[in-house]
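J.: have a look at this fold, sequence not included:
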């Protein structure tokens, strides 16, 4: 997932993506809490949620919500080269 460093994303989205990649397994899945991501990125939780929503819109990340359990994030590295939206 080192390709995340070269992605043309805005800095906030890129930092959140790198934090997700840092937790991801070989299949590109991870399940860190928003609090953990916010701590790693030195951002507020709402800011992190906004960046994750943006990454979802670009097709880079998909959230799998699980009732009573942590959210699984699926990371699609093939989409890292997607141009950032303005």
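T.: Good, I have the coordinates. Just so it is clear, the structure is predicted and the values come from calculations on it, not from any experiment.
J.: mind checking which helix or strand residue 38 is in?
T.: Residue 38 belongs to helix 34-41 when assigned by DSSP states H and E.
J.: run the chain-centre distance for whichever helix or strand comes after that helix.
T.: Toward the C-terminal end, the helix or strand that comes next after helix 34-41 (DSSP H and E) is helix 45-57. Centroid separation for helix 45-57 versus its chain: 8 Å, with CA atoms, centre = their mean, to the nearest Å.
J.: now the element after helix 45-57, going C-ward?
T.: strand 61-64.
J.: distance check, the residue most central in space within the chain against residue 56.
T.: Residue closest to the average C-alpha location in the chain (CA atoms, centre = their mean): residue 17, at 3.6 Å. Separation of residue 17 from residue 56 (CB to CB, to the nearest Å): 11 Å. Every C-beta, even on glycine, is put in place using the N, C-alpha and C of the backbone.
J.: which parts of the host helix or strand of residue 22 are buried?
T.: Element membership of residue 22, judged by DSSP H and E, is helix 11-23. By 16 or more other CB atoms under 10 Å, the buried positions in helix 11-23 come out as 13, 14, 15, 16, 17, 18, 19, 20, 21, 23.
J.: same question, stretch 56-66
T.: Going by 16+ other CB under 10 Å, stretch 56-66 has these buried residues: 58, 60, 61.
J.: between those, which is closest to residue 36?
T.: Of all the buried residues of stretch 56-66, residue 61 has the smallest distance to residue 36: 15.3 Å, by CB to CB.
J.: shouldn't that closest one be in contact with residue 72?
T.: No. Counting by CB atoms under 8 Å, residue 61 stays clear of residue 72, with 10.6 Å between them.
J.: need phi/psi at residue 74.
T.: Reported as degrees, to the nearest 10, the phi and psi values for residue 74 are phi -100, psi 120.
J.: contacts only, for the closest residue to it other than its chain neighbours.
T.: In space, residue 74 comes closest to residue 62 once its chain neighbours are excluded; the distance is 4.4 Å by CB to CB, 6 or more residues apart in numbering. Residues in contact with residue 62 (CB atoms under 8 Å, 6 or more residues apart in numbering) are 56, 73, 74, 76.
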